[in-house]
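# Please work out how this folds:
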Amino acid sequence: MPEIIKKIGVLTSGGDSPGMNAAIRSVVRTCAFHNIECVGIFRGYQGMIEGDFEIMTARSVHNTINKGGTILKSARSKEFRTAEGRKKAYDEIIKAEIDAFVVIGGDGSFTGAEIFNKEYKFPVMGIPGTIDNDIFGTSHTLGYDTALNTVIECIDKIRDTANSHNRLFFVEVMGRDAGHIALNAGIGAGAQEILIPEEDMGLERLIESLRKSKASGKSSSIVVIAEGDKIGKSVFELKDYVEANLPEYEIRVSVLGHMQRGGSPSCFDRVLASRFGVKAVESLLEGKSNYMVGLLNNKIALTPLLKAIKGNTEIDRELLRVSEIMST
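The predicted model follows:
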């Protein structure tokens, strides 16, 4: 580990999320504030292996705080998963005289950084960037708040059509392993039911809920489904099953897909990214390494990378209870 850090690299890895550019901007400008160099590493770990680097100054990130995606691009690197690939990456960053790096991404990106740190004792710091909000050690990941607002906006529009045609809409949102988006957006959008991976609602309970809804006089309904929900093999098979058992319903399916990952970040995500970037750089300058920067009780905190990777995030049980009451 270098005694004095003079140059810090920054990269984005894995899936993009709104707020990544704001975090890059924060890292670059915090480096400039402390009079140290910052290097942008393009295309994630693959770019590190190939030496795809560029010196970044405070002016390099002008007008980027409002942009979605990532100006540094992102890629998944199979080569970095090998010892040979990581050795190439190490040789390149040493050649470029980079003393530490900040990685913005999810648990896969953090796993790569943690292994790299273990092998080469190289200073690393993680910033959580994923819309799924499924990283342990932070109440909010970058992009989660923006994704929620995007989903709410879409469901509000879908509801207009549902009401006009007396239809039942199944809206699938992202969340392969975690139902945070579905649960919060479902409550915020007034969904009739919310299906998430953490809770197996069961087909019969869903059918009974929709039957009661129809009997109570509801002419249209929204069901929000996380893509990782286990109740059916797919949202379209679930649609077929419900139509077969409740023929009085006319059902439409809307899969929101990757539109949830795009768009201009919310104010919350911009501020959070700025706080994360400052903490990541200043922690490295203080000699800290192998941590993830997170938000806990509205305070910026550090969690060991390994703990962030291995820890399990839990669904808010109180929100589950609220969703049940609101669907009455």
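
# pretty sure residue 58 is touching residue 28, no?
Yes - at 6.5 Å, residue 58 and residue 28 qualify as touching, with contact defined as CB atoms under 8 Å. The C-beta positions use only the backbone N, C-alpha and C, and glycine is treated the same way.

# More neighbours: those two, which one.
Using other CB atoms under 10 Å, the more surrounded residue of residue 58 and residue 28 is residue 28, with 26 against 14.

# State the distance from that one to residue 259.
Residue 28 sits 28 Å away from residue 259, going by CB to CB, to the nearest Å.

# And the helices in the stretch 101-250 of the chain, which stretches?
Ranges of helices in the stretch 101-250 of the chain, per DSSP state H, counting those that start in this stretch, are 107-120, 144-165, 180-189, 203-215, 235-245.

# what comes up buried for the longest one?
Translated: helix 144-165. Burial within helix 144-165, assessed by neighbour count using 16 or more other CB atoms under 10 Å, is assigned to 144-152, 154-155, 158-159, 162.

# and stretch 25-37, how far from the chain's centre?
Between the centre of stretch 25-37 and the centre of its host chain there is 24 Å, according to CA atoms, centre = their mean, to the nearest Å.

# quick one: the lowest-mean-pLDDT helix or strand in the chain to helix 235-245, angle?
Averaged element by element with mean pLDDT, DSSP states H and E, the chain has its least confident helix or strand at helix 203-215 (a mean of 82). Here the directions of helix 203-215 and helix 235-245 differ by 60 degrees (axes from the mean of the first three to the mean of the last three CA atoms, to 10 degrees).

# Show residues contacting helix 203-215.
Here helix 203-215 makes contact (CB atoms under 8 Å, 6 or more residues apart in numbering) with 168, 192-193, 195, 221, 223, 231-232, 241-242, 245-246, 248-249, 327.

# repeat that with 10 Å
Residues outside helix 203-215 that contact it (CB atoms under 10 Å, 6 or more residues apart in numbering) are 168, 192-193, 195, 201-202, 218-221, 223, 231-232, 238, 241-242, 245-246, 248-249, 251, 324, 327-328.

# Separate out the buried members of those.
168, 192-193, 195, 220-221, 223, 231-232, 238, 241-242, 249, 251, 327.

# Now, the residues you listed that are in strands?
Within the buried ones among the contacts of helix 203-215, residues falling in strands by DSSP state E are 168, 193, 195, 221, 223, 251.

# need the residues you listed in a markdown table with distance to residue 51 and pLDDT, can you?
Output for those, formatted as a markdown table (distance: CB to CB, whole Å; pLDDT from 0 to 100):
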| residue | distance to residue 51 | pLDDT |
| --- | --- | --- |
| 168 | 54 | 87 |
| 193 | 51 | 86 |
| 195 | 46 | 89 |
| 221 | 54 | 82 |
| 223 | 49 | 90 |
| 251 | 52 | 88 |
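
# Tabulate those in a markdown table, adding columns for distance to residue 282.
Listed next are these as a markdown table, based on distance: CB to CB, whole Å:
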| residue | distance to residue 282 |
| --- | --- |
| 168 | 51 |
| 193 | 45 |
| 195 | 42 |
| 221 | 49 |
| 223 | 45 |
| 251 | 52 |
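
# shaky segments in the chain?
Counting by pLDDT under 70, the chain has low-confidence residues at 1-3, 217-220, 232.
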